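Chemist: Need a 3D model of the following:
(4 chains)
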Protein chains: 2
Amino acid sequence: MTTEAKPTRERLLDAAATLTYRDGVNVGVEALCKAAGVSKRSLYQLFESKDELLAASLKEGAGAFVTGLLPPADDGRPPRDRIMHVFAQVETQAHAPGFRGCRYLAVQIELKDPRHPASRVARRIKRNLLGFFRAEAVQGGAADPELLARQLILVFDGASARAGIGVDTLKGLLTPTVTTLLDAAGLGGTVRTAAASRR
Amino acid sequence: MTTEAKPTRERLLDAAATLTYRDGVNVGVEALCKAAGVSKRSLYQLFESKDELLAASLKEGAGAFVTGLLPPADDGRPPRDRIMHVFAQVETQAHAPGFRGCRYLAVQIELKDPRHPASRVARRIKRNLLGFFRAEAVQGGAADPELLARQLILVFDGASARAGIGVDTLKGLLTPTVTTLLDAAGLGGTVRTAAASRR
DNA sequence: CAGGTCATAAACCGATCGGTTTTCCTTCCG
DNA sequence: CGGAAGGAAAACCGATCGGTTTATGACCTG
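Modeler: The predicted model follows:
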């Protein structure tokens, strides 16, 4: 096997992502290092502090977050389908063992301080998700794209939080909810072309 | 003044509620005692542990949680209005300084362990809110009362979480969202009498 | 006044926190 | 082979964690 070739830095980022997701942001540096198979000394010459490691770990995970939720850019499907795709992904992921909801929401709740570096990163990443919803809402011709985007991310956070703490399975919940909101926003199942808008 | 007559136990419960809401469940026992003006010794002969104090504090706050959100029982208003009342309250409270979202959701997210005594209490209290929504949905003749109730508490948690971390003001968000869901559920603005159901 | 009851303040406990430092061993390169 | 570099292990730092204990006082009752 050519595995285990991962550099020290990456092992630390992975361990931070895994342990803080499972145990919260208050995991000890000792546990982090042990999980990564790395000494504290190495940690502190790669990162300024635990807080910065945390923030870097969240930032690195943004890619997987996006690819795991969002549809490919310009896949030709109508905005409605692209939005539904996100929530289908949420429902699927919620079934997976170890699912604990949106890590970025959890981090912001656990670190009450919004100026904490990790909290800033989390906020930025979620703003991108809001941006995706807004762009699709605009593209789909929603009556009030900003409102629809806020509604969708509200459902996203509510759903993943409730599923994450184990009080709802989301089964049969997201599809009717999002469908209802999309219908009410006037976001149909087809791409709204410039020509169609002019009619 | 006849104030400051509050017994030791109550001062501890209040301090626990205030500090854990603001700083999270990881506040130190020392800080708790200082805020309550109580010695550690007194704390530990009134409560078995910090965890139990936490749980007791949440349980005591359930009353204020209910009266601050729910309409009076049997106030004669139709279920739709009674449900809207809850979300109007959320929006109002979200504007208040120091608002940090639903403390019961936060506690369950911070304490990852669902068997933690405080997590159990939080879960029970939120189940009661779900029960309220379900009862109103039934009373209002919703097509699928259970679905509507889950949708409503999902919106409740999503909204208070996002407002609590300061990424949304909820302004202009909850009324259209809840209205849309109630409409889709066929829950009109009037009480559905037994006679009306038979038609 | 004597005696008991309560609560406070503060010392104390072992464990752990985030972070630093020292020591040692491996690996690579000439 | 010699020497520099990197990282692991672990001791160590002061601070804080949840929790216990001791000592001191304030208050009530007889």
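Chemist: tell me which parts of chain A are close to DNA strand D?
Modeler: Within chain A, the positions lying close to DNA strand D (Cβ under 7 Å from any atom of the strand) are A:Thr8, A:Gly37, A:Val38, A:Ser39, A:Lys40, A:Arg41, A:Ser42, A:Gln45. C-beta: built from backbone N, CA, C; applies to glycine.
Chemist: how long is stretch A:42-60 end to end?
Modeler: 19 Å (Cα to Cα, to the nearest Å).
Chemist: Any part of that stretch near chain B?
Modeler: No - using Cβ under 8 Å from any Cβ of the partner chain, stretch A:42-60 stays clear of chain B, coming no nearer than 14.5 Å.
Chemist: which residues are contacting that stretch?
Modeler: A:8-9, A:12-14, A:16-17, A:20, A:25, A:29, A:32-33, A:36, A:103-104, A:107, A:116-118, A:120-122, A:125 (Cβ atoms under 8 Å, 6 or more residues apart in numbering or on different chains).
Chemist: Recalculate using a threshold of 7 Å.
Modeler: For stretch A:42-60, contacts defined as Cβ atoms under 7 Å, 6 or more residues apart in numbering or on different chains pick out A:8-9, A:12-13, A:16-17, A:20, A:25, A:29, A:33, A:104, A:107, A:116-118, A:121-122.
Chemist: Got a quick PyMOL command for the buried subset of those?
Modeler: Burial among the contacts of stretch A:42-60 is assessed by 16 or more other Cβ atoms under 10 Å in any protein chain shown; the matching PyMOL selection reads:
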select buried, chain A and resi 9+12+13+16+17+20+25+33+104+107+116+117+118+121+122
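Chemist: Which pair of the residues of chain A next to DNA strand D spans the longest distance?
Modeler: Spanning the widest gap among the residues of chain A next to DNA strand D are A:Gly37 and A:Gln45, at 16.0 Å by Cβ to Cβ.
Chemist: Compare the two (neighbour count), which wins?
Modeler: A:Gly37 (13 against 10; other Cβ atoms under 10 Å in any protein chain shown).
Chemist: confidence score at the more buried one?
Modeler: A:Gly37 carries a pLDDT score of 93 in this model.
Chemist: Just list the residues touching the spatially closest residue to it that is not a sequence neighbour, thanks.
Modeler: The shortest distance from A:Gly37 to any non-neighbouring residue, by Cβ to Cβ, 6 or more residues apart in numbering or on different chains, is to A:Arg11 (6.4 Å). By Cβ under 7 Å, 6+ apart, the contact list for A:Arg11 reads A:Ala36, A:Gly37, A:Val38.
Chemist: Give the buried residues for stretch A:174-189.
Modeler: A:Leu174, A:Pro176, A:Thr177, A:Val178, A:Thr180, A:Leu181, A:Leu182, A:Ala184, A:Ala185, A:Leu187, A:Gly188.
Chemist: now the helices: where do they sit in chain A?
Modeler: A:8-23, A:29-36, A:40-46, A:50-69, A:79-95, A:103-110, A:117-139, A:145-164, A:174-184, A:194-198 (DSSP state H).
Chemist: got TSV for those, with distance to B:Pro97 too?
Modeler: TSV is the format used below for the helices of chain A (distance: least, Cβ to Cβ, whole Å):
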stretch	distance to B:Pro97
helix A:8-23	29
helix A:29-36	34
helix A:40-46	38
helix A:50-69	26
helix A:79-95	33
helix A:103-110	18
helix A:117-139	19
helix A:145-164	22
helix A:174-184	31
helix A:194-198	43
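Chemist: Next, count neighbours for A:Leu129.
Modeler: 21.
Chemist: tally of neighbours for the residue of chain A at minimum distance from chain B?
Modeler: In chain A, the residue that lies nearest chain B is A:Gly158 (2.6 Å; Cβ to the nearest Cβ). Residues within reach of A:Gly158, counting by other Cβ under 10 Å, total 27.
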